[in-house]
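Enquirer: here's a sequence, model it:
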Amino acid sequence: MENKFNSLEGKILVASPKLEDRFFEKSLIYIFMHDQSGALGVILNHTIGSVSNHELLKLLDKDTDKVRTKKLPIVFGGPVNTERMLALSINKEQEKNFADMQSVTLHTDIQNFVKDHVLKNSQSKFLLIRGISAWDSTQLQEEIAENNWFIIQPKVDLIFSQKTKDKWSPIVKKLGVNDSVYIVPYTGHA
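Expert: Here you go, the predicted model:
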């Protein structure tokens, strides 16, 4: 029997209400790489701090006097490589074709990202991330089989919204899932 592999690249994982993992509880995760050796993604909705565009520009030793100050949230992307700053971005062309291509750019070199997007005041939407989420070859499929994750199609606003606080609840509600689904369907005496 052949085991068909279905890549989840470009999809969003929605944590089940029953998932009680301190890193992934109530998470939305954008999967940016998934093949038979494993999966990589970033949590979209757990803000861990913020940084100003001035602070980012100081990485390049650039004068910030003429730049309007903006606070940018930083999300906890996952428990792997938490010391590493990354960014997801989408330019106007990618956004225009997102329904068909679901293409975003992952930036692993934060200094080049700052140079290309912050310094040039790019019109691209972006999300700053610290750390990533990773699964080995069969781990994610096993977690999905255990109903720990729901899979949904991504939307640009869902990925890049700067309002990260309550992205999870409305999606779970829209999926028709609530905590009572996981109550044991029998009674007994103690």
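Enquirer: the closest residue to Ser103 other than its chain neighbours: what secondary structure?
Expert: Among residues not flanking Ser103 along the chain, Gln94 sits closest, at 5.0 Å (Cβ to Cβ, 6 or more residues apart in numbering). For glycine as for every other residue, the C-beta is placed from the backbone atoms N, C-alpha and C. Using DSSP: H, G, I helix; E, B strand; the rest coil, the structure places Gln94 in helix.
Enquirer: can you pull out the strands in this structure?
Expert: Using DSSP state E, the strands of the chain run over 12-15, 28-35, 38-43, 47-52, 71-76, 80-90, 105-107, 125-135, 149-152.
Enquirer: how about the fifth one: buried residues?
Expert: Right, strand 71-76. Using 16 or more other Cβ atoms under 10 Å as the test for burial, strand 71-76 gives 72-76.
Enquirer: by contact count, what packs against it?
Expert: Where contact means 3 or more Cβ pairs under 8 Å, 6 or more residues apart in numbering; DSSP states H and E, strand 71-76 is packed against strand 38-43, strand 47-52, strand 125-135.
Enquirer: rerun that using 10 Å as the cut-off
Expert: Packing contacts for strand 71-76, counted by 3 or more Cβ pairs under 10 Å, 6 or more residues apart in numbering; DSSP states H and E, involve strand 38-43, strand 47-52, helix 53-58, strand 80-90, strand 125-135.
Enquirer: would you turn those into CSV with distance to Ser161, mean pLDDT and mean neighbour count?
Expert: As requested, these are exported to CSV (distance: least, Cβ to Cβ, whole Å; pLDDT from 0 to 100; neighbours: other Cβ atoms under 10 Å):
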stretch, distance to Ser161, mean pLDDT, mean neighbour count
strand 38-43, 14, 96, 22
strand 47-52, 11, 90, 14
helix 53-58, 18, 78, 17
strand 80-90, 12, 93, 17
strand 125-135, 9, 95, 21
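Enquirer: where does the protein have low pLDDT?
Expert: Along the chain, the model assigns pLDDT under 70 to residues 1-3, 62-68, 178-190.
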